[in-house]
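Peer 1: following is a predicted model, sequence given first.
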Amino acid sequence: MTAIGFIMGVVLVKTQSRVVAGLMLAWLVLGSIRLSRIRCPQCRTQVGEQGRVSGIPVLGAFPRRHCSRCGADLARPGP
């Protein structure tokens with residue numbers, strides 16, 4: 001996914017096309033939706049969650065190795 005996003009970014013810079021910009025925005029939105037669907041197997045917290053500010057979850061771009069809420073090892077393969 002990252003390579004396709006990078007290629008879209010290069011094409012966008014070279015052509016300044018609105019179509020490519022729309023496709024790149026859609027790619028980013030779909031990627032963030034896919035990341036938000038991955039959850040900790042123990043407490044069901046989103047793996048992209050980096051913490052909370054005033055009760056609102058702060059999401060990062062990459063999943064964490066350990067759950068921010070329960071501390072479970074997310075890098076360990078499941079059963």
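Peer 2: Received it, and whenever you're ready, just let me know what you need.
Peer 1: buried sites along stretch 62-69?
Peer 2: Buried residues in stretch 62-69, defined by neighbour count with 16 or more other CB atoms under 10 Å: 64, 67-69. For glycine as for every other residue, the C-beta is placed from the backbone atoms N, C-alpha and C.
Peer 1: need those residues in TSV with pLDDT, distance to C40 and secondary structure, can you?
Peer 2: Output for the buried residues of stretch 62-69, formatted as TSV (pLDDT from 0 to 100; distance: CB to CB, whole Å; DSSP: H, G, I helix; E, B strand; the rest coil):
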residue	pLDDT	distance to C40	secondary structure
R64	79	9	coil
C67	83	4	coil
S68	79	9	coil
R69	82	7	coil
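Peer 1: and the spatially most distant residue from the centre of the chain, backbone torsions?
Peer 2: Distance from the C-alpha centroid of the chain peaks at T15, with 26.7 Å (CA atoms, centre = their mean). Main-chain dihedrals, T15, degrees, to the nearest 10: phi -110, psi -20.
Peer 1: walk me through the domains of the protein.
Peer 2: Annotated domains of the chain cover 1-37, 39-79 [automatic domain parsing].
Peer 1: weakest of the ones you listed by average pLDDT?
Peer 2: Between those, the one with the least mean pLDDT is domain 1-37; it has a mean of 76.
Peer 1: which of the residues in that domain are buried?
Peer 2: So for domain 1-37, counting by 16+ other CB under 10 Å, buried means 8, 11-12, 20, 23-24, 35.
Peer 1: okay, these in CSV with secondary structure next?
Peer 2: Shown next, in CSV, are these (DSSP: H, G, I helix; E, B strand; the rest coil):
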residue, secondary structure
M8, helix
V11, helix
L12, helix
V20, helix
L23, helix
M24, helix
L35, helix
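Peer 1: residue boundaries of the helices in the protein?
Peer 2: Assigned by DSSP state H, the chain shows helices spanning 2-15, 18-36.
Peer 1: out of those, nearest to G51?
Peer 2: helix 18-36 (15.6 Å; CB to CB).
Peer 1: dump the C-alpha coordinates for the closest one into PDB.
Peer 2: Output in PDB follows, covering the C-alpha atoms of helix 18-36 (Å, rounded to 0.1, in the frame of the first residue of the first chain):
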ATOM      1  CA  ARG A  18      -7.200  16.800  -9.500                       C
ATOM      2  CA  VAL A  19      -8.000  13.200 -10.400                       C
ATOM      3  CA  VAL A  20      -4.800  12.000  -8.900                       C
ATOM      4  CA  ALA A  21      -5.300  14.200  -5.900                       C
ATOM      5  CA  GLY A  22      -8.800  12.700  -5.400                       C
ATOM      6  CA  LEU A  23      -7.500   9.100  -5.800                       C
ATOM      7  CA  MET A  24      -4.700   9.800  -3.300                       C
ATOM      8  CA  LEU A  25      -7.200  11.200  -0.800                       C
ATOM      9  CA  ALA A  26      -9.400   8.200  -1.200                       C
ATOM     10  CA  TRP A  27      -6.400   5.900  -0.700                       C
ATOM     11  CA  LEU A  28      -5.500   7.700   2.600                       C
ATOM     12  CA  VAL A  29      -9.100   7.400   3.800                       C
ATOM     13  CA  LEU A  30      -9.300   3.700   3.000                       C
ATOM     14  CA  GLY A  31      -6.000   3.100   4.700                       C
ATOM     15  CA  SER A  32      -7.100   4.800   7.900                       C
ATOM     16  CA  ILE A  33     -10.400   2.900   7.800                       C
ATOM     17  CA  ARG A  34      -8.500  -0.400   7.500                       C
ATOM     18  CA  LEU A  35      -6.200   0.600  10.300                       C
ATOM     19  CA  SER A  36      -9.100   1.500  12.600                       C
END
